[in-house]
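Engineer: model this:
(chains A, B, C and D)
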Number of protein chains: 2
Amino acid sequence: MSLFFDAAGNPPVCQQEHQHPEHIRQVREMMPDDDSLYDLSEVFRVFGDSTRIRILYALFESELCVCDLAKLLGLTQSAVSHQLRILKDAKLVRFRREGKSIFYSLDDEHVRSILSMGMEHLHEANHSN
Amino acid sequence: MSLFFDAAGNPPVCQQEHQHPEHIRQVREMMPDDDSLYDLSEVFRVFGDSTRIRILYALFESELCVCDLAKLLGLTQSAVSHQLRILKDAKLVRFRREGKSIFYSLDDEHVRSILSMGMEHLHEANHSN
DNA sequence: TAAACGCATGAGCAAATGTTCATATATTTG
DNA sequence: CAAATATATGAACATTTGCTCATGCGTTTA
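Structural biologist: Here you go, the predicted model:
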């Protein structure tokens, strides 16, 4: 066995320091803490489903009630409600009640920015194919 | 059974048009096609994992080889490689070979924009609690 | 050229995810 | 107040996902 194991007996890692250890320390110190990065990934996870993306785009121009969203997107009311809950928990949509109906709308201008950035990346990435 | 079923025998939908049918048609016509929205959700799905987010942030300042990434983040080389493949397929990172090592770096300025937007939303959302 | 090294990748598995179905809750209406 | 309507939600199930393990591939080195 010629491989190197670290103090904890973990799998081998490369033996050279391709970057100065100093550099690695710098990177580590510059990075946000893991909790922030986990929260950030959770934000994007919410965007990472086509049903939720379609809901957000449907709300781009104006509020819509749940049943109209379902009709518009060809989904069951239950599926839409489940997804709206996730969007609501992520503070991406808000709602107001009007009689028996509940109208949802975008809750944050960042939603538009984030979607636009994603679209830009998509077009650029496709263009380079 | 007093509920309404549509022509395809689908589950009931609300009987009133809370918005003008015209409005719904407008929204439908304004929305990008479903294929684009699916591709968009795939972009965000890539951002929706804390390991990949941590990799992207580690590459924020400079390129890093796989083994240093693994060391920096406390992950196995295999796990990092698998995630780098996903990031590479999404055109979020690029790589260059130097001897036995392969150095990865961010491939698109949009990565920084998207991450920043996400962070902004996060701070704003937390602030409103 | 054989061994060592750095990285990539397929199989397998446990955990997370999105939908459907059934049902509960809140509001309006007769 | 009872029935109808609009929405929310829990359970169950199939699919997806991210990791580990084993191994393959490309490069360097002795």
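Engineer: From here on, just use CA atoms for contacts and neighbour counts.
Structural biologist: Fine.
Engineer: residues contacting the residue positioned nearest the centre of chain A?
Structural biologist: The centroid of chain A falls nearest to A:F44 when counting by C-alpha atoms, centre = their mean (0.9 Å). For A:F44, the contact set (C-alpha atoms under 8 Å, 6 or more residues apart in numbering or on different chains) comprises B:44-45, B:47-49, B:118.
Engineer: If we only consider the residues you listed, which is nearest to A:I86?
Structural biologist: Nearest to A:I86, judged by C-alpha to C-alpha, of the contacts of A:F44 is B:G48 at 14.0 Å.
Engineer: Is the closest one in contact with A:E42, as I believe?
Structural biologist: Yes. Counting by C-alpha atoms under 8 Å, B:G48 touches A:E42, with 6.0 Å between them.
Engineer: higher neighbour count, these two?
Structural biologist: Counted by other C-alpha atoms under 10 Å in any protein chain shown, B:G48 and A:E42 do not tie: B:G48 has more neighbours, with 23 against 19.
Engineer: Next up, the contacts around the more buried one.
Structural biologist: Residues touching B:G48, when contacts are defined by C-alpha under 8 Å, 6+ apart, comprise A:40-48.
Engineer: Just the ones of these in helices?
Structural biologist: Within these, residues falling in helices by DSSP state H are A:40-47.
Engineer: can I get these in TSV with pLDDT?
Structural biologist: Shown next, in TSV, are the ones in helices among the contacts of B:G48 (pLDDT from 0 to 100):
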residue	pLDDT
A:L40	97
A:S41	98
A:E42	97
A:V43	97
A:F44	98
A:R45	98
A:V46	98
A:F47	98
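Engineer: Would you list the phi and psi of A:S105?
Structural biologist: The phi/psi pair for A:S105 (degrees, to the nearest 10) reads phi -150, psi 170.
Engineer: residue ranges for the helices of chain A, please.
Structural biologist: Per DSSP H, chain A carries helices over the ranges A:21-30, A:34-47, A:50-58, A:66-73, A:77-89, A:109-127.
Engineer: In CSV, list the C-alpha atoms belonging to the worst-scoring helix or strand of chain A on mean pLDDT.
Structural biologist: Least confident helix or strand, chain A: helix A:21-30 with a mean of 82, by mean pLDDT, DSSP states H and E. C-alpha atoms of helix A:21-30 as CSV (Å, rounded to 0.1, in the frame of the first residue of the first chain):
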residue,chain,number,x,y,z
PRO,A,21,-1.6,25.9,1.1
GLU,A,22,-1.8,29.6,1.7
HIS,A,23,-4.0,29.9,-1.3
ILE,A,24,-6.3,27.2,-0.1
ARG,A,25,-6.6,28.8,3.3
GLN,A,26,-7.4,32.1,1.5
VAL,A,27,-10.2,30.5,-0.5
ARG,A,28,-11.5,28.8,2.6
GLU,A,29,-11.6,32.1,4.5
MET,A,30,-13.2,33.9,1.7
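Engineer: got the angle for that helix vs helix B:66-73?
Structural biologist: With axes from the mean of the first three to the mean of the last three C-alpha atoms, to 10 degrees applied, the angle from helix A:21-30 to helix B:66-73 works out at 50 degrees.
Engineer: tell me the angle of helix A:21-30 relative to helix B:50-58?
Structural biologist: Angle, helix A:21-30 to helix B:50-58, by the same axes, to 10 degrees: 120 degrees.
Engineer: near DNA strand C at all, helix A:21-30?
Structural biologist: No. Remark: helix A:21-30 sits outside contact range of DNA strand C, by C-alpha under 7 Å from any atom of the strand, the gap being at least 14.1 Å.
Engineer: Any idea how far that helix is from the middle of the chain?
Structural biologist: Distance of helix A:21-30 from the chain centroid (C-alpha atoms, centre = their mean, to the nearest Å) equals 27 Å.
Engineer: which other helices and strands contact it?
Structural biologist: Under the contact criterion of 3 or more C-alpha pairs under 8 Å, 6 or more residues apart in numbering or on different chains; DSSP states H and E, helix A:21-30 touches helix B:66-73.
Engineer: residues in contact with the spatially closest residue to A:H121 that is not a sequence neighbour?
Structural biologist: Distances taken as C-alpha to C-alpha, 6 or more residues apart in numbering or on different chains put B:H110 closest to A:H121, at 6.1 Å, once the chain neighbours are dropped. Residues in contact with B:H110 (C-alpha under 8 Å, 6+ apart) are A:117-118, A:120-121.
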